[in-house]
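> What would the 3D arrangement of this be:
(one chain, ligands or ions: 2)
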Amino acid sequence: MAQLFTKDTQSIFWNNNTSAIQRMLDYDFVIGRKTPSVAAIVAPTGDSKFQNFFWGGDEVMVPLFKNTAEARKAFPKADVLLNFASFRTAYDVTMEALEIGGFKTIMITAEGIPERLARGMNAVARAKNVTVIGPATVGAIAPGAFKIANIGGTIENIINSKLHRAGSCGLVTRSGGLFNELSNIIAINADGIAEGVAIGGDRFVGSVFIDNLLRMQDNPEVKYMLLLGEVGGTEEYKVIDAIKSGRITKPIIAWCIGTIAKHYSSGVQFGHAGASANAERETAEAKNKAMSDAGIFVPSSFNDLPNKIAEVYGKLKAEGVIAEIVEPVINAIPSVRKSKNFICTISDDRGDEATYAGFPISSVATPDTGKGIGDVISLLWFKKQYPVWATQFIETVIKTVADHGPAVSGAHNAKVTARAGKSVVESLVTGLLTIGPRFGGAIDGAAEHFKYAHDNNLSPAEFLNHMKKLGIPIPGIGHRIKSLRNPDLRVVGLKKFAAEHFPSTPLLDYALTVEQLTTSKKDNLILNVDGTIGILMVDMWRALGYSEEEINEFISSGTLNAFFIAGRTIGFIGHVLDEKRLAMPMYRHPMDDILYQVDMAEEI
Ligand code: ACO
Ligand code: LMR
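Numbering: from 1, shown residues only. Ligands and ions are numbered 1, 2, ... in the order given. Prediction:
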């Protein structure tokens, strides 16, 4: 690929460096990118799932992942890794990314990675054809397309330096500070840059001058190149060789800084680890002379560099190699921005008609739409359009658990409350509040424990032992009145539905082997309605292609009990309305039904 980045390039940002990422997204917005240049963030220690960023005056959510592999899996098109790990971790992060694969470019910001490690890392990257920018760099930019983190500075500076749109110079420097300085000089004396890379100041950096210049030679957007070398090293000679061999034909302007070094008696190391001459050939003077001899445009001093740029640019423009740039319209970032307090990802009431996960209510509400409650639940709870067998299963569950008579704890509570003169909603919630691990709320627990046992290949006996050690009754097993002799026909119905419509039911099949063992001990230890629902929901989600992590998350967030809550709400309301219809008086429990054993309190 001749171009390092395009307007579609997306990156994975390692470390939740919010200010640098915000700068990237501000740049994206200003230049009119459609998608944020940061697709995902790797934040190994954070607990959040996403981070909000401004997108112009609005906001976008960028997902957070615990590790690079997960981020990469979720965003296979994001082929740039921006490694903002500290120098202690940056090597491991890069090596892991190279192992995972799929990254075309890896930029490493950390300074001071041990040189032995940096050399090894760069060699692996080179063998895998991955462009490494850095270590010890501010990165790179393809103006008007993609900008890494802080390169170019503030938005004001970027626009002043014409870094918001492509020009015609290919710029390569070691230093990030001088990169910004040169961008500005090029903007003043020419038409800006087409692509720029600060390769980094460490002695052993990944991509070197020649790698970047060869790519720019092949990039039709680049009409001429500017190389800012430094005292120390021999990389500039590789560029000279490429000119001599005819591999590089585009005009190059170059200057090697550090000519002052000759005024010092011993070898001086300048700011960068690599900026120190170990031989005559490595001095800035020698390199400037050799480059000039090879036909590179070398100014007489750094101060003369702007004139050289104006001269080469003017010549190429006169020759028609460089055309006049039509300045693009840019988006302005509002000066006052306020981050949102709430986020909603399921429904939207801002248009003419509210939507459920993108579907207008009218498209699911009436019978002619062919949609039912199962569809509405799949949209609002899961933000997905489930297939018919799955939405019908959800509806079957809701209808199956709608009521189980007045004697069950929740209905009883709701009835007592209604008789105390409370409203429908007050009575309803007292009923709902009884839903828990013993009554109706064992569905998540059943899914969790049976899934664990199945995932870990526990035999039914091992599973029972495991639960005994945990000291809790197996959720989803046992019923007060239902037993082998008095089977729960709701369970029979759900199993029948699954047999007829589910592609397969591995967890149910396993649960039935557990039930065989528990009922052999006591015949009411059947797989109850809660257990059957929890287990079949896991089978449903697996068949729908959810990952184990996603299913575990549904379970831990209490999604499964919600099916019972939704269904039983119908029944509780029925009982409350029944009480009101019958105008029942306040209830008082008969005293003869209570064992009173109240001792005189002891004095302490
Ligand atoms: N796992 C293992 N052993 C159990 C279980 C279980 N889930 N349930 C009962 N037992 C055992 C008890 O330890 C007890 O053993 P023991 O006789 O050796 O002491 C025996 O069975 C009877 O226990 P009880 O608590 O008297 O059983 P009961 O019939 O009263 O309990 C209940 C019914 C509360 C549903 C119970 O089975 C249970 O807690 N199950 C797990 C929770 C659950 O699934 N609840 C949802 C029920 S369905 C619904 O509410 C819609
Ligand atoms: C229910 O659905 O409420 C029950 O299974 C509990 C019961 O005791 O009937």
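> Close to ligand 2: what parts of the chain are there?
By the rule Cβ under 6 Å from any ligand atom, the part of the chain lying against ligand 2 is 404, 408, 440, 480, 529. Every C-beta, even on glycine, is put in place using the N, C-alpha and C of the backbone.
> Out of the residues you listed, name the ones that lie in helices.
Residues of the residues of the chain next to ligand 2 located in helices (DSSP state H): residue 529.
> of the residues of the chain next to ligand 2, the lowest pLDDT goes to which?
In terms of pLDDT, residue 480 ranks lowest among the residues of the chain next to ligand 2, with 92.
> Now it: closest residue in space, sequence neighbours ignored.
residue 524 (7.5 Å; Cβ to Cβ, 6 or more residues apart in numbering).
> before we move on, what about residue 466?
residue 458 (6.2 Å).
> What is the burial count for the residue of the stretch 351-500 of the chain found nearest ligand 1?
Here the stretch 351-500 of the chain gets closest to ligand 1 at one residue, residue 478, 2.1 Å apart by Cβ to the nearest ligand atom. Other residues lying near residue 478 total 21 when counted by other Cβ atoms under 10 Å.
> In contact with it, which residues?
Residues counted as contacts of residue 478 (Cβ atoms under 8 Å, 6 or more residues apart in numbering) are 518, 524-526, 528.
> Model confidence score at it, please.
pLDDT, read off for residue 478, is 96.
> got the phi/psi numbers for it?
Main-chain dihedrals, residue 478, degrees, to the nearest 10: phi 100, psi 150.
> for the one 5 residues further on, same thing?
In this entry, residue 483 is assigned phi and psi values of phi -160, psi -180 (degrees, to the nearest 10).
> Report the separation between the residue lying closest to it once chain neighbours are set aside and residue 482.
In space, residue 483 comes closest to residue 524 once its chain neighbours are excluded; the distance is 4.0 Å by Cβ to Cβ, 6+ apart. Distance, residue 524 to residue 482, by Cβ to Cβ, to the nearest Å: 7 Å.
> excluding its backbone neighbours, what's nearest residue 114?
Nearest to residue 114 is residue 91, by Cβ to Cβ, 6+ apart, at 7.7 Å.
> any idea how far that neighbour is from ligand 1?
51 Å (Cβ to the nearest ligand atom, to the nearest Å).
> Near residue 389, how many other residues are there?
When neighbours are counted by other Cβ under 10 Å, residue 389 comes out with 17.
> Okay, the residue nearest to it when sequence neighbours are not counted and ligand 1: tell me how far apart.
Of all residues not flanking residue 389 in the chain, residue 501 sits nearest, at 4.2 Å (Cβ to Cβ, 6+ apart). Residue 501 sits at a distance of 22 Å from ligand 1 (criterion: Cβ to the nearest ligand atom).
> phi, psi of residue 501?
The phi and psi values for residue 501, taken as degrees, to the nearest 10, are phi -120, psi -20.
> Was I right to think the residue nearest to residue 114 contacts residue 112?
No: with contacts counted by Cβ atoms under 8 Å, residue 91 stays clear of residue 112, the gap being 10.7 Å.
> Neighbour count for these two, which is higher?
residue 91 (20 against 14).
> any idea which helix or strand carries that one?
helix 90-100 (DSSP states H and E).
> what about the residue nearest the centre of the chain, which SS state?
In the chain, the centroid-proximal residue (Cα atoms, centre = their mean) is residue 63; its distance is 2.8 Å. Under DSSP: H, G, I helix; E, B strand; the rest coil, residue 63 falls in the strand class.
> Check residue 492 too.
Once three-state DSSP is applied, residue 492 turns out helix.
> my read: residue 255 touches residue 230, true?
No: with contact defined as Cβ under 8 Å, residue 255 does not count as touching residue 230 (9.8 Å).
> What residues does the stretch 451-600 of the chain have near ligand 1?
Residues of the stretch 451-600 of the chain lying near ligand 1 (Cβ under 6 Å from any ligand atom): 473-480, 522, 524-525, 528-531.
> Can you tell me which of those are classed as buried?
474-479, 524-525, 528-531 (16 or more other Cβ atoms under 10 Å).
> Which members of those define the maximum pairwise distance?
For those, the farthest-apart pair by Cβ to Cβ is 475 and 524; their separation is 15.3 Å.
> Distance check, residue 8 against residue 60.
Taking Cβ to Cβ, one finds residue 8 at 17 Å from residue 60.
> repeat for residue 212
As judged by Cβ to Cβ, residue 212 and residue 60 stand 31 Å apart.
> okay, the two: which has more neighbours?
Between residue 212 and residue 60, counting by other Cβ under 10 Å, residue 212 is the more crowded of the two (26 against 17).
> What is the neighbour count of residue 354?
13.
> What separation is there between the closest residue to ligand 2 within the stretch 1-150 of the chain and ligand 1?
Of all residues in the stretch 1-150 of the chain, the one sitting closest to ligand 2 is residue 49 (34.1 Å; Cβ to the nearest ligand atom). With distances taken as Cβ to the nearest ligand atom, residue 49 is found 31 Å from ligand 1.
> swap in residue 192?
Residue 192 is 69 Å from ligand 1, by Cβ to the nearest ligand atom.
> Just give the closest residue to that residue, not the sequence neighbours.
Nearest to residue 192 is residue 167, by Cβ to Cβ, 6+ apart, at 2.7 Å.
> swap in residue 376?
residue 364 (5.8 Å).
> continuing past whichever helix or strand that neighbour is part of, what's the next helix or strand?
In this structure, residue 364 sits in helix 362-365 according to DSSP H and E. Sequence-wise, the next helix or strand downstream of helix 362-365 (DSSP H and E) is helix 373-382.
> quick one: buried residues of the helix or strand following that following helix?
Using DSSP H and E, the next helix or strand after helix 373-382 towards the C-terminus is helix 388-400. Applying a neighbour-count criterion of 16+ other Cβ under 10 Å, one finds 389-398, 400 buried in helix 388-400.
> cool, and stretch 12-31?
12-17, 20-31.
> Sort out for me which of the residues you listed are in strands.
Among the buried residues of stretch 12-31, the members falling in strands (DSSP state E) are 12-14.
> for the residues you listed, which one is nearest ligand 1?
Closest to ligand 1, out of all of those and judged by Cβ to the nearest ligand atom, is residue 12, at 43.2 Å.
> What does the pLDDT read for that closest one?
98.
> if I read this right, it contacts residue 68, doesn't it?
Yes: if you go by Cβ under 8 Å, residue 12 and residue 68 touch, sitting 6.7 Å apart.
> Can you pull the residues that touch both of the two?
Joint contacts of residue 12 and residue 68 (Cβ under 8 Å, 6+ apart) are 42, 81.
> Next one: residue 198 relative to ligand 1, how far apart?
Residue 198 is 63 Å from ligand 1, by Cβ to the nearest ligand atom.
> How many residues are close by that residue?
The burial count for residue 198: 30, using other Cβ under 10 Å.
> contacting residues around it?
By Cβ under 8 Å, 6+ apart, the neighbours of residue 198 are 133, 137-140, 151, 173-176, 179.
> could you redo the last one with a cut-off of 7 Å?
Applying Cβ atoms under 7 Å, 6 or more residues apart in numbering to residue 198 gives the contacts 137-140, 151, 173-176, 179.
> Narrow those to those in helices?
Reading helices off the contacts of residue 198 with DSSP H, I get 176, 179.
> thinking again about what came up before, which one of the ones in strands among the buried residues of stretch 12-31 sits closest to residue 552?
residue 12 (23.7 Å).
> Identify the single longest helix in the chain, thanks.
Max-length helix for the chain by DSSP H is helix 559-581.
> Which parts of it count as buried, going by neighbours?
For helix 559-581, by 16+ other Cβ under 10 Å, it's 559-569, 571-573, 575-576, 579.
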